[in-house]
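**Student:** build the 3D model from these lines:
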Amino acid sequence: MIIIQDFIPEGRPNRPGTRITGPRYITVHDTANPNNGADALAHANYLKGDDAASRQVSWHFTVDDIRIVQHLPLDEVGWHAGDGNGPGNSSSIGIEICENADGNRARAEANAAELVAHLLMQFSLGINEVVQHNHWSGKNCPHVLRERPNGWKGFLKAVQSHLQAAGTPIAGAAQATLGQALAWARSRNADQSFLKVAPIYWEIAGEMGIRPEVAYAQSAKETAFGRFGGTVDRSYHNWCGLKTREGGASGDPGAHARFPDDETGVRAHLQHLALYAGLEVQGDIVDPRHFPWLKGTAVTVEALGGRWAPSADYGVSIVRDYLEPLQNTEAPADDLVDKEAAQKVINLLGALWMASADELVQAAAHYAANALRDAAGIPRGEER
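**Tutor:** Coordinates of the predicted model:
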């Protein structure tokens, strides 16, 4: 992605130089100019002219099918949202998508989606902070996206695709084994409780579509490898620092969620991650902060910064300091389970599951078989 900087000259009426708040949002517009030649360069020239100055109109980027042109520094306010000194102008970056008849509109939208994803990562914003011009002023803009069936939804989906490609996805299949995780945890002198909880992550995460090693790495950061030591202690069965629905100060013991056992605590952790990743969570919700407005606001680990925790580098630290070392750890040979022996035990557990009418026995057999599959590196569902 190439961005050409062609700034409105300082001191012009449509470049007030006011410092932007945040930015907190990305506002998407259509240029409403279908004329031939009305591309990003033409709009850059327009913004430097007298008409734009007299109207005091400006925005940060114009995107066409070939290029992206930047008109203002990202720490300065533009006049594009139609809400005066409101949050649209004062706290959002304005992007205009060209609709010139001699251009390729689909390619312009694709370029705009890539730009939006880039800005979201740069400023640690979520997909919910991408809004239409209509959001601020009620104007039918971006009219091309608004008037096309599923146009806006498709645009946001394209943005999310770029986010997933550029960052470390939370959702997906496991990319590290349980044996790797245990070897890594032992190398970091993890508490025994942190070792015992690992199989639960590998068991439940697959059901939800969450990468277990991502959640386990985050848990290591939140609990100091099960040593805890902060406001939350082992008795909470809270492996991710999750607060109650009401929340409260980080130093308040009553502000943090308590769970009856480790499995429930891990399930709440994974449900909360699934919510951020935009996944549908099936079954009973045990996550006390499963707020609908969080859905899809952090599809990558890096995007958790400033959301799950106040620090903007929170997600970056999870990847750099915990997840990457975990993935780079090799499971010691004596930790590896013989596949032939494991399969025999799995077959016996399957027979037990079939023979028993007791739901608890069936659940235990299912849990044990999947844990053994993970430890032996046998794909789930592989039968002999």
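**Student:** what does Ala312 show for phi and psi?
**Tutor:** Per-residue torsions, Ala312: phi -70, psi -20 (degrees, to the nearest 10).
**Student:** that one touches Glu302, doesn't it?
**Tutor:** No. When contacts are counted by Cβ atoms under 8 Å, Ala312 is not listed as touching Glu302 (9.8 Å). All C-beta spots, glycine's among them, are computed from the backbone N, C-alpha and C.
**Student:** so between the two, which is more surrounded?
**Tutor:** Using other Cβ atoms under 10 Å, the more surrounded residue of Ala312 and Glu302 is Glu302, with 23 against 13.
**Student:** how many other residues sit next to Val57?
**Tutor:** Other residues near Val57 come to 17 when the count uses other Cβ under 10 Å.
**Student:** close enough to count as contact, it and Gly82?
**Tutor:** No. Contact between Val57 and Gly82 fails when scored by Cβ under 8 Å: they sit 9.8 Å apart.
**Student:** poorly predicted segments of this structure, please.
**Tutor:** Where the chain drops to pLDDT under 70, the residues are 333-339, 353, 361, 374-377, 379-384.
**Student:** ok, 80 please
**Tutor:** 1, 124, 126, 164-166, 332-346, 348-384 (pLDDT under 80).
**Student:** domains in it, by residue range?
**Tutor:** When the chain is parsed with automatic domain parsing, its domains come out as 3-166, 178-334, 337-376.
**Student:** distance to Gly172 for the ones you listed - can I get that in a markdown table?
**Tutor:** Output for those, formatted as a markdown table (distance: least, Cβ to Cβ, whole Å):
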| stretch | distance to Gly172 |
| --- | --- |
| domain 3-166 | 9 |
| domain 178-334 | 5 |
| domain 337-376 | 16 |
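**Student:** Glu76 pairs with what?
**Tutor:** Here Glu76 sits in beta bridges with Arg19, as judged by DSSP bridges.
**Student:** tell me if Ala53 really is in a helix.
**Tutor:** Yes. Applying DSSP: H, G, I helix; E, B strand; the rest coil, one finds Ala53 inside a helix.
**Student:** quick one, strands of this structure?
**Tutor:** Taking DSSP state E to define them, one finds strands in the chain at 3-5, 25-30, 61-63, 68-70, 92-97, 130-132.
**Student:** and among those strands, the most buried is which?
**Tutor:** Ranked by mean neighbour count, the strands of the chain are led by strand 61-63 with a mean of 29 (mean count of other Cβ atoms under 10 Å).
**Student:** list the contacts of it.
**Tutor:** Strand 61-63 has contacts (Cβ atoms under 8 Å, 6 or more residues apart in numbering) with 3, 31, 40, 43-44, 68-71, 93-98, 108, 111-112, 115.
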